[in-house]
Every structure is written in structure tokens, then in C-alpha cells.
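Visitor: Just the structure for this:
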Amino acid sequence: MILTTINTSVLSASFLLVSGSISPNFALISVANPPQILAKQQINNKTSQPHPVFKSILPKLKKNIQINILLPKYIPESDGENPLYAIIETATKNKYEILLSFSPDCNGGTACRLSIITGEAVTSKTPKLTGKAISLAKGMSGYFVDFQCGANCSDATLTWRKKAVQYRIGLKAGKQADLVKMARSVITQ
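Guide: Have a look, this model is predicted:
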């Protein structure tokens, strides 16, 4: 908390309380015009924002989707060297698929895609989670499936469930450590 004394000679009210309607971080109290104490409390907002690449698509996602949307804050290879684009592939009330690519017009082609991020409501038809069990965060486990290469390399994936929604992050020829870091950046938001 930061305390600052301010001059209140311009205020004539005997008691004034400015609430969150002006700013949720400030409270201003005046009693018969003595010096006031302005209290500013730094609010620790535990919900951090997802990676900036998602900013342009969030309004459309929030409009169409009824399940909880989880997007990573950390994305490997997003250091600014190559531009990164988020492309909505699917957005229904119970499912979303977002392609992360190096081109704004990538249609899932192997040369331009980096990752796929999905969320889908769990139903009786949802397949059982398979792969190597990995500890993520907050007592949650995910299941890692490594990539395979033939003519092209597939995605390594990490899948987990939270509140009746199955989330999956796929990373083209991805490393387990990168997928875990991406998932943890979602879960700890």
C-alpha cells in the first residue's frame, strides 16, 4: 500500500468517498478539509492475460463459445523473430480450435503451422486420455503423446481435463518441456 498526503483546500465537502466507480484502486477520504491521506493499494491480479497473439481473436471466441477458454501465456518460438498469427479454425458453443502459424493465411500446412490449441466439452463420446502422464500444476495431470516423423512431422500433444472440458495443445515436432510450459502458463492463470 502506498500512502500519500495531498492538499484538500479545494474540497468543501465534510466527507467524501470516491469509490471504484472512478478507479477501483483508490479511496479518498476528507474530513472538514484537513490534509487527506490518499491510499493506493496495488491489486495483485492473479489472472494474467494470455499471449498477445490471441488479442485479435478473443472477442469472437468469447461471443461464440460457452465453455471456459484457456489460452497459453507462453508460446515457444514467439520471440518476435518470426511473426506469429492466431487463426480460429472452429468456434462453436462447446468447442474451439485455434491454429498458431507463421503466416496469416496458413490452412494447417506443415511449413507454416506451429501449434494447435483446442478446448472441447467432454461427452460420453470423448475418447479416454492416453499417453504419458505428466504432472502439470495445481494437482492436475496431463497426458503427453510424442510426435512422429515420416514425410512430415506430426504434433506432439499434451491433453488434460478441467471442469468437464478437455484441453489440448499440439506443437509441431514439439518438445515435452515446451508443451508442459505452455500448459502450465494456462493452468496458473
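Visitor: Excluding chain neighbours, give the residue nearest to residue 115 in space.
Guide: residue 100 (4.1 Å; CB to CB, 6 or more residues apart in numbering). In short, each C-beta sits where N, CA and C put it, glycine included.
Visitor: check contacts around the most centrally placed residue in the chain.
Guide: By CA atoms, centre = their mean, the chain has its centre lying nearest to residue 50, at 3.1 Å. Shown in contact with residue 50 (CB atoms under 8 Å, 6 or more residues apart in numbering): 58, 71, 72, 73, 186, 189.
Visitor: my read: residue 87 touches residue 99, true?
Guide: Yes - with contact defined as CB atoms under 8 Å, residue 87 counts as touching residue 99 (4.4 Å).
Visitor: Common neighbours of those two, please.
Guide: Contact criterion CB under 8 Å, 6+ apart; residues shared by residue 87 and residue 99: residue 106.
Visitor: and the two? which has more neighbours close in?
Guide: Neighbours of residue 87 and residue 99, each counted by other CB atoms under 10 Å, are more numerous for residue 99; the result is 21 against 18.
Visitor: looking at this, the more buried one is in a strand?
Guide: Yes - going by DSSP: H, G, I helix; E, B strand; the rest coil, the assignment for residue 99 places it inside a strand.
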